[in-house]
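Asks: Here's a sequence, model it:
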Amino acid sequence: MYKRQKLNNGLRIITKRSSNVQSVSLGIWINIGSRYEPGEQKGISHFLEHLLFKGSKKYSCRAIKESIEGVGGLLNGFTSEEHTCYLVKIPHRYLVSALDILSDMVNNPCLAPADIEKEKTVVLEELKMYRDLPQSYVYELLDELLWPSQALGSPVIGTVETVNNISRNVLKSFQSNHYTPANIVISAAGLLDHDLLVKKVSAIFSPLESNQLNTFPQAQQCQDKPQLKIFPKDTEQTHMALGFHALKRDHSLRHAQAILHIILGANMSSRLFNEVREKRGLAYEIGSGLKRYQDTGVFLVHAGIDNHKVSDCLGLIFQELGKIKKSLVTKDEFKRAKEFYLGQLSLALEDTMEYMLWMGESVACLDKVYSLEQIIKEVNKVHPEDVRAIAGQIFKNEIINLALIGPLQKSEKQIYGKLNLG
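Replies: Coordinates of the predicted model:
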């Protein structure tokens, strides 16, 4: 189903051919992100990602964009805690040219001094934008609670001070030390020829010498009591992010955790949506989510709450979390959650971009990728008892972390008293 190749210098290639589409999606993944950065360089991975679009040895900034968008393609990039990715989705006949563009960006960025200074302003405006959006900033506050004094507790974008201090020499050194073949995965999905792609990738990357694999400090979790952070702000509603330390990316109970998330807050059929919004009207936006890392994870509950009903909403949320760790979910509810899980995955994998992202992230993180058939078999082995077990493992009073932004009327002490799962 997948075809894989590893070059002698450690670069990995994975492809999935689909003959019933006209597109191909291509991504160059680098094992570098905010978790790898020393404190004084926070945000450098994200900043470097921005700059690679400003021009390379062979392509100007304008040529990069026009060469992809001028033939109907999409061009983008992103930086996370554990990866940086440069990607395109393009009509299949332009795959070779897209590879040439992305690889030259990655291997030979210009990093012009004028672009660096200009982009600092852009990134700092991006940072201000997130700070002005309470529905985004509340997650930054939550990360600080979950991972105090650790890389995971700091924003991917960095800080005003660290961004301003990034120099061209530091950028060049960072790129040459970390953008090396052993840390690169090339993922492609769509109408493509695997052997041709491997040949082209090899011609570009084989001459490059590899370096050792990038590493980051393991996450430390030593919380023994609930934690609360309130950011007073005159908003029309209170924004909430509730987080519990949870399972790492490849944990054996990861599918049970995903089903727990679906039952609690992944859709309009979920318990939190029904109880908090539909029955009581305490919030407009309410749901749950998962963050998965190589060595740890987070189970999230997020909501936008009526400013006068924060206590009632928190009480109801904790009541639902306490209930699901004590009682088995019903057979019908469990079946619907499993079908939703597998159905959403199947629908996503109809798109070449989603397939490329799924394969690339999996190989970059785990050096393997599961087939849909393998996942179906694993999910079918999950039972309601597994869901209750994982809920009991995650939902504990001593690892509650709650961040709130809004014009809260109650004192911090009163709200802290609500942090109880019963």
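Asks: going forward, measure contacts between C-alpha atoms and count neighbours the same way
Replies: Fine.
Asks: What is the burial count for the nearest residue to residue 353 once chain neighbours are set aside?
Replies: Nearest non-adjacent residue to residue 353, counting by CA to CA, 6 or more residues apart in numbering: residue 25, 5.2 Å away. Other residues near residue 25 come to 29 when the count uses other CA atoms under 10 Å.
Asks: correct me, but residue 25 touches residue 99?
Replies: No. Taking contacts as CA atoms under 8 Å, residue 25 lies outside contact range of residue 99: 10.3 Å.
Asks: isn't there a strand covering the residue nearest to residue 353?
Replies: Yes. Judged by DSSP: H, G, I helix; E, B strand; the rest coil, residue 25 forms part of a strand.
Asks: Begin at 16 from now on, thanks
Replies: Done: numbering now begins at 16, and the last item shifts to residue 40.
Asks: Who does it form a beta bridge with?
Replies: As for beta bridges, residue 40 partners with residue 104, residue 204 under DSSP bridges.
Asks: contact partners of the host helix or strand of residue 274?
Replies: Taking DSSP states H and E as the criterion, residue 274 maps to helix 269-280. By CA atoms under 8 Å, 6 or more residues apart in numbering, the surrounding residues in contact with helix 269-280 are 262-263, 284-288, 301-305, 314, 316, 348-349, 352-353, 355-356, 393-394, 397-398, 401-402, 405-406.
Asks: Leaving out the residues flanking it, which one is nearest to residue 157?
Replies: With sequence-adjacent residues excluded and distances taken as CA to CA, 6+ apart, residue 157 is closest to residue 418, at 5.3 Å.
Asks: can you list the domains in the chain?
Replies: If you go by automatic domain parsing, the domain ranges for the chain are 18-220, 242-431.
Asks: Distance to residue 226 for those domains - can I get that in a markdown table?
Replies: Shown next, in a markdown table, are the domains of the chain (distance: least, CA to CA, whole Å):
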| stretch | distance to residue 226 |
| --- | --- |
| domain 18-220 | 6 |
| domain 242-431 | 16 |
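Asks: Please name whichever of those domains is nearest to residue 230.
Replies: With distances scored as CA to CA, the stretch of these nearest to residue 230 is domain 18-220 (6.5 Å).
Asks: one step back: any idea how far the residue nearest to residue 368 is from residue 18?
Replies: With distances taken as CA to CA, to the nearest Å, residue 40 is found 15 Å from residue 18.
Asks: do the same with residue 173
Replies: Applying CA to CA, the value for residue 173 to residue 18 is 37 Å.
Asks: now do residue 143
Replies: From residue 143 over to residue 18 the distance is 43 Å, taken as CA to CA.
Asks: now swap in residue 209 and tell me
Replies: Distance from residue 209 to residue 18, by CA to CA: 7 Å.
Asks: Also residue 359?
Replies: 24 Å.
Asks: now residue 134
Replies: When distance is defined by CA to CA, residue 134 is 38 Å away from residue 18.
Asks: In terms of neighbours, single out the busier of the two.
Replies: In this view residue 134 and residue 18 are compared by other CA under 10 Å, and residue 134 has more residues nearby, 18 against 11.
Asks: Am I right that that one is in a strand?
Replies: No. Note on residue 134: no strand contains this position according to three-state DSSP, which reports helix.
Asks: Listing partners with orientation, what would you give for the host helix or strand of the residue nearest to residue 157?
Replies: Per DSSP H and E, residue 418 falls inside strand 416-421. Sheet pairing of strand 416-421 (DSSP bridges) gives strand 242-247 (parallel), strand 252-261 (antiparallel).
Asks: With just CA atoms, put it into CSV.
Replies: Only the C-alpha atoms of strand 416-421 are listed here, as CSV (Å, rounded to 0.1, in the frame of the first residue of the first chain):
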residue,chain,number,x,y,z
ASN,A,416,-5.0,22.3,34.7
LEU,A,417,-7.4,25.1,34.0
ALA,A,418,-6.8,28.4,32.1
LEU,A,419,-9.5,31.1,31.9
ILE,A,420,-9.7,34.4,30.1
GLY,A,421,-12.5,36.8,30.8
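Asks: Just the residues contacting that strand, thanks.
Replies: Contacts of strand 416-421 (CA under 8 Å, 6+ apart): 149, 153-154, 156-157, 160-161, 241-259, 322.
Asks: and stretch 275-288, how far out from the chain's middle?
Replies: How far stretch 275-288 lies from its chain's middle: 20 Å, per CA atoms, centre = their mean, to the nearest Å.
Asks: Report the buried residues of it.
Replies: Neighbour-count burial for stretch 275-288 flags 275-283, 285-288 (criterion: 16 or more other CA atoms under 10 Å).
Asks: for these, which one is nearest residue 429?
Replies: Distances from residue 429 to the buried residues of stretch 275-288, taken as CA to CA, are shortest for residue 287 (23.0 Å).
Asks: So that closest one sits against residue 334, correct?
Replies: No. Using CA under 8 Å, residue 287 is not in contact with residue 334, being 10.1 Å away.
Asks: Neighbours of the closest residue to residue 75 other than its chain neighbours, how many?
Replies: Leaving out its chain neighbours, the residue that sits closest to residue 75 by CA to CA, 6+ apart is residue 69, at 6.9 Å. Burial of residue 69 is recorded as 22 neighbouring residues (other CA under 10 Å).
Asks: Phi and psi next, for residue 69.
Replies: Dihedral pair for residue 69: phi -90, psi -10, per degrees, to the nearest 10.
Asks: Name all residues that make contact with it.
Replies: Contacts of residue 69 were listed using CA under 8 Å, 6+ apart, and they are 75, 76, 125, 126, 130.
Asks: can you map out the helices along the stretch 216-365 of the chain?
Replies: 269-280, 286-287, 325-341, 346-363 (DSSP state H, counting those that start in this stretch).
Asks: Save these as CSV, and put in distance to residue 101 too.
Replies: Below are the helices of the stretch 216-365 of the chain laid out as CSV (distance: least, CA to CA, whole Å):
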stretch, distance to residue 101
helix 269-280, 28
helix 286-287, 36
helix 325-341, 38
helix 346-363, 20
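Asks: Just send those helices back as JSON lines, with distance to residue 373 and mean pLDDT too.
Replies: Below are those laid out as JSON lines (distance: least, CA to CA, whole Å; pLDDT from 0 to 100):
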{"stretch": "helix 269-280", "distance to residue 373": "16", "mean pLDDT": "98"}
{"stretch": "helix 286-287", "distance to residue 373": "28", "mean pLDDT": "98"}
{"stretch": "helix 325-341", "distance to residue 373": "30", "mean pLDDT": "96"}
{"stretch": "helix 346-363", "distance to residue 373": "10", "mean pLDDT": "97"}
